[in-house]
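> turn this into a model:
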Amino acid sequence: MDLRHLSFRLLEVFMCVVQTGSISETARRLHLTQPTVSLQIKRLTETVGEQLFYTQHQRLMTTEAGLELFRTCLQVFEQFDDYQRYLKEIQGGERGHCRIAMVNTAQYILPKLLGPFSLEHPNVDMKVEIGNREQVLARFERAEDDLYVFSHPPSLEHALAGRFLQNPLVLLAPAHHPLAALSQVSLSDIVQYRFLLREPGSATRMLFDSALQSRGLVLSDSIQMASNEAIRVAVSAGMGIAVLSRHVIPAQDTTLKIIPIKDLELASHWYFIVRTDRHIAHAAKHFLRFAQMNLENYLDKTWVRNGLNELNQALSK
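Numbering: from 1, shown residues only. As a prediction, this is how the structure comes out:
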């Protein structure tokens, strides 16, 4: 049998003839002429090389070879029905893969959205990469992921951004530190103390350095650390003070004190970033729609800044 001569339409006609036992009824159901149906059956018979039907009491009966072909066709069409349902789930974002790369600080907030989404859509495979800004920027440049989360977006020449959460930075000191007794401080008051800092290039470090430079201030002592968590633990242990994202600090941690800095507001915003020069998985688009609808349900309403509508509209075109 030469499979090159088979087509789904040819097999569909054959299956209808088997089910109806009639050329005329098959023609009526499939909106074909009777000669067309007869010709299709003749072509299929020649392709298979075996008789598929015989006539008994003016009704077409199926031979043993025809019955086996019919059973094979049922399996094939059932498999393709399953595949069509699978495609609909993928296209609807209910199945498939979603790759997200986020900078370190985002790991304190994004799981609050990823968890509920995964519970509602268990067939979506979420792959999450976490790194410092330099590492995530490298992934962005290589277009390795569907979504990126930054507090300072990279170049958007080939990308779109949607803001979703404010990222306030606060001055953090140990509860027993001399600064902890003050209701507020000025930036010039604190440069004399040892600071625990993120690596150059991190969004937090860039904001803080910019604030110091704008006032002509220089830190007298500093130690660089690779993660927010390490800095938070070190501050709690009395190793120094730090400027960190408010989202990093546990609400019930009594070993730490947040001290307002007067006349200075350090804040950025979190953004979802999507490259426009690569294919974006349907599941990733579905997650962004989920995020737009549920930011205030799962994140602190105080900081939510929902700007995802424009991003989602652009991705739906």
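> just the CA atoms of stretch 75-94, as PDB, please.
Extracted C-alpha coordinates of stretch 75-94, given in PDB (Å, rounded to 0.1, in the frame of the first residue of the first chain):
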ATOM      1  CA  GLN A  75      -7.600   4.800  16.000                       C
ATOM      2  CA  VAL A  76      -6.000   7.400  13.700                       C
ATOM      3  CA  PHE A  77      -8.900   9.800  13.800                       C
ATOM      4  CA  GLU A  78      -9.300   9.400  17.600                       C
ATOM      5  CA  GLN A  79      -5.600  10.200  18.000                       C
ATOM      6  CA  PHE A  80      -6.100  13.400  15.900                       C
ATOM      7  CA  ASP A  81      -9.200  14.300  17.900                       C
ATOM      8  CA  ASP A  82      -7.000  14.100  21.000                       C
ATOM      9  CA  TYR A  83      -4.300  16.200  19.200                       C
ATOM     10  CA  GLN A  84      -6.900  18.900  18.300                       C
ATOM     11  CA  ARG A  85      -8.000  19.100  21.900                       C
ATOM     12  CA  TYR A  86      -4.300  19.300  22.900                       C
ATOM     13  CA  LEU A  87      -3.800  22.200  20.500                       C
ATOM     14  CA  LYS A  88      -6.800  24.000  21.800                       C
ATOM     15  CA  GLU A  89      -5.400  23.700  25.400                       C
ATOM     16  CA  ILE A  90      -2.000  25.000  24.200                       C
ATOM     17  CA  GLN A  91      -3.500  27.900  22.300                       C
ATOM     18  CA  GLY A  92      -5.700  28.700  25.300                       C
ATOM     19  CA  GLY A  93      -2.700  28.700  27.700                       C
ATOM     20  CA  GLU A  94      -3.900  25.700  29.600                       C
END
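> what about the strands in the stretch 101-250 of the chain?
Per DSSP state E, counting those that start in this stretch, the stretch 101-250 of the chain carries strands over the ranges 124-131, 147-150, 159-174, 194-197, 221-224, 242-245.
> which strands and helices sit next to the fifth one?
Under the contact definition 3 or more Cβ pairs under 8 Å, 6 or more residues apart in numbering; DSSP states H and E, strand 221-224 sits against strand 194-197. Placement of C-beta: from N, CA and C, glycine included.
> can you pull the pLDDT of S155?
Looking at S155, its pLDDT reads 84.
> go on, L113?
Predicted confidence (pLDDT) for L113: 96.
> what about it, neighbour count?
19 (other Cβ atoms under 10 Å).
> equivalent analysis for D81, please.
10.
> which strand or helix spans it?
Using DSSP states H and E, D81 sits in helix 64-91.
> could you do D300 as well?
Using DSSP H and E, no helix or strand contains D300.
> want to throw the strands of the stretch 101-250 of the chain into JSON lines with mean pLDDT, mean neighbour count and distance to Y83?
Supplementary listing: those in JSON lines, determined by pLDDT from 0 to 100; neighbours: other Cβ atoms under 10 Å; distance: least, Cβ to Cβ, whole Å:
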{"stretch": "strand 124-131", "mean pLDDT": "92", "mean neighbour count": "16", "distance to Y83": "18"}
{"stretch": "strand 147-150", "mean pLDDT": "96", "mean neighbour count": "24", "distance to Y83": "27"}
{"stretch": "strand 159-174", "mean pLDDT": "95", "mean neighbour count": "21", "distance to Y83": "32"}
{"stretch": "strand 194-197", "mean pLDDT": "96", "mean neighbour count": "19", "distance to Y83": "54"}
{"stretch": "strand 221-224", "mean pLDDT": "94", "mean neighbour count": "12", "distance to Y83": "53"}
{"stretch": "strand 242-245", "mean pLDDT": "94", "mean neighbour count": "24", "distance to Y83": "45"}
